[in-house]
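Participant: Sharing a model prediction with you, sequence too.
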Amino acid sequence: PVRPEAVQVRVVVVKNISKLNINGKNLSLITHGNRIPLPAHVTVTSDGDSVTINGGQYSTPASLVSTKAISVNGKQYYGHLVIQQNLLIAVVPLEEYLKGVLAAEVPDSWPIEALKAQAIVSRTFVYRRIRQGKNRPYDVEDTVMDQKYEYGDSSPAIDQAVLQTAHRVVLYQGEPIEAFFHSCSGGRTERSGDIFQKDLPYLKSIPDPYCADRKKFFWSFSKTGGEIKEALREYIDPGLLGLGLRAIKIYKKTGSGRAREFLLVFDGNESEAMNGNSFRIALDPTQFKSLLVDSIQTQHRGADIIFTFQGRGYGHGVGMSQWGAYEMAIRGFRYPAIIAHYFRGTKIGLIWDIQ
């Protein structure tokens, strides 16, 4: 079994390095076992195979280490940094990484039991990625595609949530689960197979009364037919791009009532079906907040049409609803009950229980 304090997370913090301004205390570069002292401020460029630092060229992978946090283009990172394949990767101890995730994912003013639930779910999410990522140069990205990560001044509440759940993960049959989470389910979570094409027994669609009536997650989003076609340029038949978009309908729904597929109807009654999740992400998932779409309205503007989508919830709907966890904590539920509600049939265990 692994020593939990030895677990490190490799987080991509910059993709496609062009130019980085780096500051650090007692900064040095480690490449092929050689340690090269650097000045406190350096400029870094990379072409993928090598890295240029203040004019000197070195082969990659190369590590930048410092006795304090390292600043990259004004943002602080803890741990050490690796330059590899034109990526800048922060290598951070797991429990320190989690503090940065919680700081970016949830307000530290939330009830402590909601913060603890988020800490365990985020630890599980990244620990599973670490186990899968042995042949990749990194484990996770620092964006919503994995989970947000923002290293900064930690808060006492977040430190407490991480410390009091230290090394705990969510297990199903002894293995760390796919610990998906989202902002608000809109009243019902989604089955994993309907979004990620992989059915998992602990990620069923369940009623979620704790996130049903959050008014802030009733949303409306508008785009013209021309804007929608432009956003979908890579997804739809090129022959349809020259035609006017006349209607958008929900073509198929998932068991939770979310849009599984949309049907796009063009001039001449030409039509194309499109995966709901791809459609939402292409249009703008920060505005088109979920696939729980209650209505699609149209309004003519000259030769074009404005499409207005209205719906509930925020995010893909799979796994734990963060606002649902908040509401459960407000109502007095503790973190084991929150996790048991969203991940059915799972147990909370310790990293060193996993073989």
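Facilitator: All right, it came through fine. Residues are numbered from 1 along each chain as shown.

Participant: okay, CA-based contacts and neighbour counts for the rest of this
Facilitator: Noted.

Participant: Show the residue spans covered by the strands in the stretch 101-250 of the chain.
Facilitator: Using DSSP state E, counting those that start in this stretch, the strands found in the stretch 101-250 of the chain span residues 140-141, 168-172, 175-176, 181-182, 218-224, 245-253.

Participant: The fifth one pairs with which strands, and in what direction?
Facilitator: Same thing as strand 218-224. strand 304-312 (antiparallel) (DSSP bridges).

Participant: Determine the angle, from 0 to 180 degrees, between the strand it pairs with and strand 245-253.
Facilitator: Orientation check (axes from the mean of the first three to the mean of the last three CA atoms, to 10 degrees): strand 304-312 against strand 245-253 gives 30 degrees.

Participant: Pretty sure Phe217 sits against Tyr314.
Facilitator: Yes. With contact defined as CA atoms under 8 Å, Phe217 reaches Tyr314; the gap is 6.4 Å.

Participant: More neighbours: which of those two?
Facilitator: Tyr314 (25 against 19; other CA atoms under 10 Å).

Participant: Quick check: beta-bridge partners of the more buried one?
Facilitator: Bridge pairing for Tyr314 - DSSP bridges - gives Cys184.

Participant: 181 is where my numbering starts, stick with that
Facilitator: Yep, numbering from 181; the last one is Tyr494 now.

Participant: quick one: it and Leu530, what's the gap?
Facilitator: 31 Å (CA to CA, to the nearest Å).

Participant: ok, now Asn203?
Facilitator: For Asn203 relative to Leu530 (CA to CA), the value is 37 Å.

Participant: quick one, which of the two is more surrounded?
Facilitator: For Asn203 versus Leu530, the count of surrounding residues by other CA under 10 Å is larger for Asn203: 23 against 16.

Participant: Enumerate every residue touching the residue lying closest to that one once chain neighbours are set aside.
Facilitator: Leaving out its chain neighbours, the residue that sits closest to Asn203 by CA to CA, 6 or more residues apart in numbering is His221, at 4.5 Å. For His221, the contact set (CA atoms under 8 Å, 6 or more residues apart in numbering) comprises Asn201, Ile202, Asn203, Gly204.

Participant: The third one contacts Lys248, doesn't it?
Facilitator: No. Here Asn203 does not reach Lys248: they are 10.0 Å apart, not a contact under CA under 8 Å.

Participant: circling back to that earlier point, ok, and the most crowded of the contacts of His221?
Facilitator: Ranked by neighbour count (other CA under 10 Å), those have Asn203 at the top, with 23 neighbours.

Participant: Just grab the bridge partners of that one for me.
Facilitator: For Asn203, the beta-bridge partners under DSSP bridges are His221, Ser251.

Participant: confidence score at it?
Facilitator: The per-residue pLDDT reported for Asn203 equals 90.

Participant: what do you get for Val182?
Facilitator: 53.

Participant: can you check Arg348 too?
Facilitator: In this model, Arg348 is scored at 96, pLDDT.

Participant: now Asn214
Facilitator: Value listed for Asn214 in the pLDDT field: 88.

Participant: That one: neighbour count?
Facilitator: 10.

Participant: And the contacts of His221, which is closest to Ala453?
Facilitator: Asn201 (46.0 Å; CA to CA).

Participant: can I have the helix or strand hosting that closest one written out in CSV, keeping just the CAs?
Facilitator: If you go by DSSP states H and E, Asn201 is part of strand 200-203. Output of strand 200-203 as CSV, limited to C-alpha atoms (Å, rounded to 0.1, in the frame of the first residue of the first chain):
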residue,chain,number,x,y,z
LEU,A,200,6.6,32.5,-18.9
ASN,A,201,7.9,35.1,-16.4
ILE,A,202,8.9,33.1,-13.3
ASN,A,203,10.0,34.4,-9.9
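
Participant: list the helices and strands it packs on?
Facilitator: strand 221-226, strand 250-252 (3 or more CA pairs under 8 Å, 6 or more residues apart in numbering; DSSP states H and E).

Participant: Any buried residues in the next helix or strand after that strand, and which?
Facilitator: Following strand 200-203 in sequence order, the next helix or strand is strand 208-211 (DSSP H and E). Neighbour counts over strand 208-211 (16 or more other CA atoms under 10 Å) mark Ser208, Leu209, Ile210, Thr211 as buried.

Participant: Closest one to Pro336 out of those, please.
Facilitator: Proximity of those to Pro336 (CA to CA) peaks at Ser208, which lies at 31.5 Å.
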